[in-house]
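Undergrad: Have a look at this prediction, sequence included:
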Amino acid sequence: MAEYWQVVPRYGLTRGQIDRAERLRLAGDWAGACAAAGIAVEVTESDLPPAGLPYFAPDLLRWHAIRMRHHQRLNYTSHGLRGRGDELTLPVWLGPDGRRAVGLGIRSVPPYRSRLFLAKEGEFAPGASLADAPQYWDVRHAGDLITRCGGRGPHAEHVYALLAAGHLAEAWTAGGFEVDLRTHQWTEGRQEHLFEPFLRWNLGEFTPALPTLAATARDWALARGHTAVWLTVERAEPVRPVLDRLDTDRPRLRGEPLGSPWLQGVPRLPVMLQDRPPDWVDLTAGRAGAEDLHPLVAAALVPHEPATGPRALRLPGPAVVDCGGERHEVAARDGTLAVPHPGAEIERELALHALGGPIPPGCAGVVYRWRTGASGLPEPLRGFREELDERIRFGEAETVADLLAAGLDPEVRLPGGRSLDYVRSRQP
């Protein structure tokens, strides 16, 4: 499962957007804060919970929602993100009657345009909304994100170390569960000898917030009149993990075959309560630092480091190029690539290519690839171009504007032959 999180994006929301949304929220303009965060508003103030409205941070909600959007386990049942054509929707608040809900809609392709809308009656399962996880949208609770992960103490470290080492039974036992990987209620037509291997396989393929999962599942289930829940794993078939005996001091982890009639009366624990947040997973795996995170997320998860993120994209540093048997340094300066050749020499080689010749080698070839976006750039130029392309796909028009202000040539081409000026003009 660890490999999955490497593809979760960190783009789509800049520090400038976050700061503007915060200023508007503090001024009482919740709709303006939504717009600043990239969320269209299709609800009225009367549709939202009045007590929590001053603390509603749409930028924080969208930050987490973009990451949830990429998480398969959140995307296939009504308890999490669910399909609405080419849009996935997440219930944020259930209405007072428990039927209608305010939802966040997220388009299924970059730049993941979002909207706050009033869902139809029955569109979301009762009791499944982000109201149970205010760490994702309420500034008063943003700091509790670390608590959902189990905190920073030795107990949490011990549990996660056992999980990382593949000691599943020991980890779940340390998390407060009785572990029974053989008991289940339905055996009809099932291959008993495969039940436990499938359950172990599934348990090794997700990222539960295990140090606090027993308490979380107990509180959520008992408040709804249940004593058992089932969990969502990356591969749902053919066995679902189940937590039962939640009305006792030591709940039980076991499995139940998919299709079992017993499961029909058992609710699914919402994944945003079940799992560690993607940012926490990436931090502990060394794939992200405080500078990559929303400032409220960084303050919660790594409070000893400055909350300066999300990191802006800067012009890249110099690259070393093999050019005619010599090592030349090329660098982005004043918006163009500075190379140790006369400009006329570079343009002559590029003109020969334009007339049908091959892409020139050496520095001229690097200049060509820099301008056109063709493959083959050396690092760090290649990484810059790839990240710029991703940020544009995620709608970061502000990033484009900042780079142009920093001197990047506006005629640098992107995939599809677009220029930066064109892309900036097309962003919302």
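TA: Right, received. Where do you want to start?

Undergrad: And for residue 182, the neighbour number?
TA: For residue 182, the neighbour count with other C-beta atoms under 10 Å is 10. Where C-beta positions appear, they are placed from N, C-alpha and C, glycine not excepted.

Undergrad: doesn't residue 198 make contact with it?
TA: No. Distance between residue 182 and residue 198: 11.9 Å, which falls outside the contact criterion (C-beta atoms under 8 Å).

Undergrad: The closest residue to residue 260 other than its chain neighbours and residue 230: what is the separation?
TA: Excluding the flanking residues, the one nearest residue 260 by C-beta to C-beta, 6 or more residues apart in numbering is residue 186, at 3.7 Å. Between residue 186 and residue 230 the distance, using C-beta to C-beta, to the nearest Å, works out to 13 Å.

Undergrad: And those two? Which one has more around it.
TA: Neighbours were counted for residue 186 and for residue 230 using other C-beta under 10 Å; residue 230 has more, 21 against 14.

Undergrad: Check whether that one really touches residue 269, as I assumed.
TA: Yes. Taking C-beta under 8 Å as the contact criterion, residue 230 and residue 269 are neighbours in contact, 7.2 Å apart.

Undergrad: and for the two, which residues touch both?
TA: Shared contacts of residue 230 and residue 269 (C-beta atoms under 8 Å, 6 or more residues apart in numbering): residue 243.

Undergrad: For the stretch 201-350 of the chain, just list every one of the strands.
TA: With strands called from DSSP state E, counting those that start in this stretch, the stretch 201-350 of the chain shows them at 229-230, 239-244, 252-257, 319-323, 326-333, 336-338.

Undergrad: hang on, the earlier thing: if I look at the residue nearest to residue 260, what pLDDT would I see?
TA: Per-residue pLDDT puts residue 186 at 73.

Undergrad: what's the answer for the one 3 residues further on, then?
TA: The predicted local confidence for residue 189 comes out at a pLDDT of 54.

Undergrad: just residue 85 next, same as before
TA: The predicted local distance difference test score for residue 85 is 57.

Undergrad: got it, and residue 133?
TA: Residue 133 is assigned a pLDDT of 89 by the prediction.

Undergrad: residue contacts, it?
TA: For residue 133, the residues meeting the contact criterion (C-beta under 8 Å, 6+ apart) are 148, 270, 272, 273.

Undergrad: Can you classify residue 367 by secondary structure?
TA: Three-state assignment for residue 367 (DSSP: H, G, I helix; E, B strand; the rest coil): helix.

Undergrad: what residues are up against it?
TA: Counting by C-beta under 8 Å, 6+ apart, residue 367 makes contact with 330, 337, 339, 346, 350.

Undergrad: Distance of the second one relative to residue 21?
TA: Between residue 337 and residue 21 the distance, using C-beta to C-beta, works out to 36 Å.

Undergrad: Where does confidence bottom out across the contacts of residue 367?
TA: Taking pLDDT as the measure, the contacts of residue 367 have their low point at residue 337 (82).

Undergrad: Could you tell me how many residues sit around that residue?
TA: Counted with other C-beta under 10 Å, the neighbours of residue 337 add up to 24.

Undergrad: same deal with residue 11?
TA: Counted with other C-beta under 10 Å, the burial measure for residue 11 works out to 20 neighbours.

Undergrad: hang on, it in a helix?
TA: No. Assessed with three-state DSSP, residue 11 is coil; it does not lie in a helix.

Undergrad: who's in contact with it?
TA: 390, 391, 393, 394, 396.

Undergrad: any idea how far residue 129 is from the residue lying closest to it once chain neighbours are set aside?
TA: Nearest-residue entry for residue 11: residue 394, 3.9 Å, with adjacent residues in sequence omitted and distances by C-beta to C-beta, 6+ apart. Distance of residue 394 to residue 129, computed by C-beta to C-beta: 26 Å.

Undergrad: try residue 216
TA: Going from residue 216 to residue 129 by C-beta to C-beta gives 15 Å.

Undergrad: before we move on, the earlier item: which ones among the contacts of residue 133 lie within helices?
TA: Judged by DSSP state H, the subset of the contacts of residue 133 located in helices is 148, 272, 273.
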